[in-house]
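Colleague: Predicted model follows, preceded by the sequence.
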Amino acid sequence: MNSKNIIAIILLSFVSIFYSQTANAQISEKAVIEKKHHQLSGEEIKEKLIGKTIWGDYYNGRKYISYCAADGIMEGENDFGAHHKGNWIINYKKNTFTVIWDYGWDNWTGRAYDVNGEIVFFDSTTSKWVTTFKVFKDGKQKIEY
């Protein structure tokens, strides 16, 4: 591989990350509510996430795969190859989902909305977009990006 190819790959990666971050920054909780997308209850969050492997996108352009075990353990790996474990918590009164990672990844609590079959989460204190869960498969799949 010559230096021109390497430079082209770097530029394409930068453009891809920049575009992803710019597009994702345009997602707002207010817009989701105005478009009348359904906010998930705690029970609906449990039904859609627990016991499933999930592929998704974070606000910072990273992609990941994670698994939400029934015992409250969450395991995931992002597209950089960082692999972490943590805990998930559903607050059924506030209809929020919390993820607390062991280290290195952002902890968050968010409200969930069904947006055309994807689950979009907004931080429960700032209303900023946190993550989108896009693809769901029953059971624990291989946690490797």
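Modeller: Cool, the structure landed. Numbers count the residues shown, from 1 in each chain.

Colleague: What's the per-residue pLDDT of the residue nearest the centre of the chain here?
Modeller: In the chain, the centroid-proximal residue (Cα atoms, centre = their mean) is residue 131; its distance is 3.5 Å. pLDDT recorded at residue 131 is 88.

Colleague: pretty sure it is touching residue 60, no?
Modeller: No: counting by Cβ atoms under 8 Å, no contact exists between residue 131 and residue 60, whose distance comes to 9.7 Å. The C-beta positions use only the backbone N, C-alpha and C, and glycine is treated the same way.

Colleague: Tell me where the protein has helices.
Modeller: For the chain, applying DSSP state H gives helices covering 3-25, 29-34, 42-49.

Colleague: If you average pLDDT over each of those, which is lowest?
Modeller: In terms of mean pLDDT, the lowest-scoring of the helices of the chain is helix 3-25 (a mean of 45).

Colleague: Not counting sequence-adjacent ones, nearest residue to residue 40?
Modeller: In space, and not counting its chain neighbours, residue 40 is closest to residue 112: 4.2 Å by Cβ to Cβ, 6 or more residues apart in numbering.

Colleague: same deal with residue 141?
Modeller: Closest to residue 141 by Cβ to Cβ, 6+ apart is residue 53, at 3.9 Å.

Colleague: Okay, and the beta partners of that neighbour?
Modeller: Counting by DSSP bridges, residue 53 is bridged to residue 67, residue 137.

Colleague: is it true that it touches residue 143?
Modeller: Yes: here residue 53 reaches residue 143: they are 7.3 Å apart, a contact under Cβ under 8 Å.

Colleague: any shared contact partners between those two?
Modeller: 65, 66, 67 (Cβ atoms under 8 Å, 6 or more residues apart in numbering).

Colleague: so the last one sits right up against residue 54, yeah?
Modeller: Yes: at 7.4 Å, residue 67 and residue 54 qualify as touching, with contact defined as Cβ under 8 Å.
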